[in-house]
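J.: task: produce atomic coordinates for the following.
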Amino acid sequence: MKEKIVIYQIFTRLYGNRNTTCKENGTIEENGCGKMNDFTPTTLKKIREMGVSHVWYTGIIRHATQTDYSAYGIPRNHPAIVKGKAGSPYAITDYYDVDPDLAVDVNLRMAEFEQLIARTHKAGLKVIIDFVPNHVARQYHSICKPEGVRDLGEEDNPQNGFDPQNNFYYCPGQRFAPYFDLYHDEPEPYLEEPAKATGNDCFHNAPGMNDWYETVKLNYGVDYYAGRVGHFNPIPNTWSKMTDILLFWARKGVDGFRCDMAEMVPADFWRWATDKVKFAYPDKIFVGEVYNPAEYRNYIGAGFDYLYDKVGMYDTLREVIRGNQSTLAITGAWQATDDIRDHMLYFLENHDEQRIASTFFAGDGRKGVPGLVVSALLQQNPLMIYAGQEYGERGMDKEGFSGNDGRTTIFDYWSVATLVRAAQRRLTADEKALKAVYDRVIQIAGTEKAVTEGASFDLMYVNGLYHHQYAFLRKAGQEVLLVIANFTDVQAELSVNIPGHAFDFLGLKEKNAVATDLMTDVKQTITLRRNEAVAVSVAPYSAAVLKFKA
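T.: Prediction:
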């Protein structure tokens, strides 16, 4: 049977940290830090038993930090250009190195990562890591690059604002002069002259507070100064360097790459790079963070296996969960990408988005369950879960650089309360109940042939009176699932219409059938007649998944 891809995103620095000091702006000594060795065979086995297929270890590659590792030969970063004490994992300082925070023995950090890959594979899981192609830390300098590799920027001519063979963009004759104090309690300021362009396409020397000021933009041969003109022949130097980095990690046994802000890098590069990686390693997958629907098909054509479905399905489900939009909008969300549906990655949380249980989203993790059911069961495409989501993690901490914004910090040393309680077997009754629901839904997604291989039929066009429930059918062979998600806080007593077209499209027969609700294991007899309704009762913030034979 075809496997349903379920990606479990883990912010590696936080996952195994059991230190609950949680001091705002705390150091690694004060707040602690999770390690790669926290992922024991037992821990990984439990993740696999959830129904997960891939683990995305976020923040593996060495990035800028305010923690001083110079005693280990690692260059110290100036704190003025590091966000948070721990630093952002998307400000890479060495593409060929592993974050020392994650190692028990800093000198053996790469070996510890290789061992983590081996343990993860032994548990039956595949490994995804971040590839950050659009920008690097301002003080990028590789100390671990293989022999013969030239560093990024090493061959640049910084007197040219743009040169197709430069790795960076420059502001000739201008010193880096951002909005903030360049000393940051240091005796000497951070100096950069000429200033390099900032990662979020800020092509001047004075990025503001909301810019990605800690990063510099990589040059893939696109002349932004001349209106985004591409210079791809000869192949830009950056293309070769970045493809070599992908191949380096592929050789380590990494199974896939989550490519940060992929759409900020030209599709021509991706077409060139993914072709080379997949020629050598055909099974490697590429997951792209692309937010412009007009570019989806372009990037899939350039070699991406999966793309974030953020501005479509995520944004729609978020508003439905919050009660701001009718469930009828879900139909429009999947129809917008129907021709590429198998390539769209559905999710309700990740490190960029607010936690479902946060005050800023739904205020209660249980309210996300109907959205989870839709995300997991509507199509054959992949699903992503963010560690802690399954327990209703609220993300309402004020950690330091990351304020109280409903997100789990990516900048600070911290621990995640629900993950700590789960590890210590101190979950609340509500957290245990929510975890059980997540386990059940993910298992259904991964084991039911109607989900992994079957056709999907949206029932909302004949059930338009229901604005807070969503119904659809899945079918493979003789196995049929009737799924109804209830986004309200009251028991829903529904009469779900099954149109004649569904009978024809799916090959259903008119009959009385014994259906088992896979969410509760309760059996009921349903009557299937063309253009007639099936009576279904659905619990608050839940779903019925009725399985029967066609």
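J.: which residues does the nearest residue to Tyr183 once chain neighbours are set aside contact?
T.: Leaving aside its sequence neighbours, Tyr183 sits nearest to Pro189 (CB to CB, 6 or more residues apart in numbering; 5.0 Å). From N, CA and C alone the C-beta is placed, and that goes for glycine too. For Pro189, the contacting residues are 80, 182-183, by CB atoms under 8 Å, 6 or more residues apart in numbering.
J.: most neighbours among the residues you listed, which one?
T.: Among the contacts of Pro189, the one with the most neighbours (other CB atoms under 10 Å) is Ala80, at 20 neighbours.
J.: if we ignore the residues flanking it in sequence, what's nearest that residue?
T.: For Ala80, ignoring the flanking residues on the chain, the nearest one in space by CB to CB, 6+ apart is His184 at 3.8 Å.
J.: same check on Tyr541?
T.: Arg366 (4.8 Å).
J.: can I assume the one you found sits in a helix?
T.: Yes - counting by DSSP: H, G, I helix; E, B strand; the rest coil, Arg366 is found in a helix.
J.: for it, report the pLDDT, please.
T.: For Arg366, the pLDDT comes out at 98.
J.: that one against Ala543, yeah?
T.: No - look at Arg366 against Ala543 with CB atoms under 8 Å: they stay out of range, at 11.9 Å.
J.: the two: which is more packed in?
T.: Using other CB under 10 Å as the criterion, Arg366 and Ala543 rank with Ala543 on top: 28 against 19.
J.: which residues does Thr21 contact?
T.: 30-32.
J.: and these, which are buried?
T.: 31-32 (16 or more other CB atoms under 10 Å).
J.: ranges for the strands of the stretch 51-200 of the chain?
T.: 54-58, 61-63, 92-98, 126-131, 135-137, 170-171, 195-196 (DSSP state E, counting those that start in this stretch).
J.: okay, the closest residue to Thr27 other than its chain neighbours: pLDDT?
T.: Nearest non-adjacent residue to Thr27, counting by CB to CB, 6+ apart: Lys85, 5.8 Å away. With respect to pLDDT, Lys85 has a value of 98.
J.: now the contacts of Pro189 in a markdown table, with distance to Ile356 and pLDDT?
T.: Output for these, formatted as a markdown table (distance: CB to CB, whole Å; pLDDT from 0 to 100):
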| residue | distance to Ile356 | pLDDT |
| --- | --- | --- |
| Ala80 | 35 | 98 |
| Leu182 | 39 | 96 |
| Tyr183 | 40 | 96 |
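J.: on that earlier part again, among the strands of the stretch 51-200 of the chain, which comes closest to Gly312?
T.: With distances scored as CB to CB, the stretch of the strands of the stretch 51-200 of the chain nearest to Gly312 is strand 54-58 (20.8 Å).
J.: hmm, back to that, OK, contacts around the residue nearest to Tyr541?
T.: 392, 430, 434, 541 are the contacts of Arg366 under CB under 8 Å, 6+ apart.
J.: try it again with 10 Å
T.: Contact analysis of Arg366 by CB atoms under 10 Å, 6 or more residues apart in numbering lists 356-357, 392, 430, 433-434, 437, 489, 540-542.
J.: looking at those, spot the one nearest Lys398.
T.: Nearest to Lys398 among the contacts of Arg366, counting by CB to CB, is Ala357 at 16.3 Å.
J.: and the closest one, how far from Asn157?
T.: 51 Å (CB to CB, to the nearest Å).
J.: Pro172: neighbouring residues, count only.
T.: For Pro172, using other CB under 10 Å, the count is 12.
J.: mind listing the helices for the stretch 51-200 of the chain?
T.: With DSSP state H, counting those that start in this stretch as the criterion, the stretch 51-200 of the chain has helices at 109-122.
J.: run through the bridge partners of Ile10.
T.: Residues in a beta bridge with Ile10, per DSSP bridges, are Tyr57.
J.: any idea which of the strands of the stretch 51-200 of the chain is most buried?
T.: strand 135-137 (a mean of 27; mean count of other CB atoms under 10 Å).
J.: report all helices and strands that it contacts.
T.: Judged by 3 or more CB pairs under 10 Å, 6 or more residues apart in numbering; DSSP states H and E, the packing partners of strand 135-137 are strand 61-63, strand 92-98, strand 215-217.
J.: okay, now the sheet partners of the first one, with direction.
T.: Counting by DSSP bridges, the strands paired with strand 61-63 are strand 92-98 (antiparallel).
J.: tell me how far the partner strand lies from the chain's centre.
T.: What separates the centre of strand 92-98 from the centre of its chain is 20 Å, taken as CA atoms, centre = their mean, to the nearest Å.
J.: do stretch 107-118 as well
T.: For stretch 107-118, the distance from its own C-alpha centre to the chain's C-alpha centre is 23 Å (CA atoms, centre = their mean).
J.: got a list of contacts for it?
T.: For stretch 107-118, using CB under 10 Å, 6+ apart, the contacting residues are 12, 35-39, 44, 55, 57, 60-62, 69, 72-74, 96-106, 126-127, 129, 144, 249, 252-255.
J.: show the buried residues in the residues you listed.
T.: 12, 35-36, 38-39, 44, 55, 57, 60-62, 69, 74, 96-103, 106, 126-127, 129, 144, 249, 253-255.
J.: return the alpha-carbon coordinates of stretch 356-369 using PDB.
T.: This file holds the C-alpha atoms of stretch 356-369, laid out as PDB (Å, rounded to 0.1, in the frame of the first residue of the first chain):
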ATOM      1  CA  ILE A 356      -3.600  26.600  17.400                       C
ATOM      2  CA  ALA A 357      -4.000  26.700  21.200                       C
ATOM      3  CA  SER A 358      -2.500  30.200  21.400                       C
ATOM      4  CA  THR A 359      -4.800  33.200  22.300                       C
ATOM      5  CA  PHE A 360      -3.900  34.600  18.800                       C
ATOM      6  CA  PHE A 361      -5.400  31.600  17.000                       C
ATOM      7  CA  ALA A 362      -8.100  29.400  18.600                       C
ATOM      8  CA  GLY A 363      -7.200  29.400  22.300                       C
ATOM      9  CA  ASP A 364      -7.700  25.700  22.600                       C
ATOM     10  CA  GLY A 365      -6.000  22.900  20.800                       C
ATOM     11  CA  ARG A 366      -9.200  20.800  20.600                       C
ATOM     12  CA  LYS A 367     -10.600  23.400  18.200                       C
ATOM     13  CA  GLY A 368      -8.000  22.400  15.700                       C
ATOM     14  CA  VAL A 369      -9.200  18.700  15.500                       C
END
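J.: buried residues, it. List them.
T.: In stretch 356-369, residues buried by neighbour count (16+ other CB under 10 Å) are 356-358, 360-362, 364-369.
J.: what residue lies at the spatial centre of this protein?
T.: In the chain, the centroid-proximal residue (CA atoms, centre = their mean) is Asn350; its distance is 5.1 Å.
J.: quick one: Lys449 and Ile5, what's the gap?
T.: Counting by CB to CB - Lys449 and Ile5 are separated by 15 Å.
J.: repeat for Lys45
T.: Lys45 is 19 Å from Ile5, by CB to CB.
J.: neighbour count for the two, which is higher?
T.: Neighbour comparison, Lys45 and Ile5: the larger count goes to Ile5, with 23 against 14 (by other CB under 10 Å).
J.: quick check: that one vs Tyr306, distance?
T.: Ile5 is 8 Å from Tyr306, by CB to CB.
J.: mind listing the shared neighbours of these two?
T.: 256, 285, 287, 345, 381-382, 384.
J.: and those, which is closest to Gly148?
T.: Nearest to Gly148 among the shared contacts of Ile5 and Tyr306, with distances taken as CB to CB, is Gly256, at 26.8 Å.
J.: show me what contacts the closest one?
T.: Gly256 neighbours (CB under 10 Å, 6+ apart): 5, 7, 54, 56, 126-129, 131, 249-250, 283-287, 305-306.
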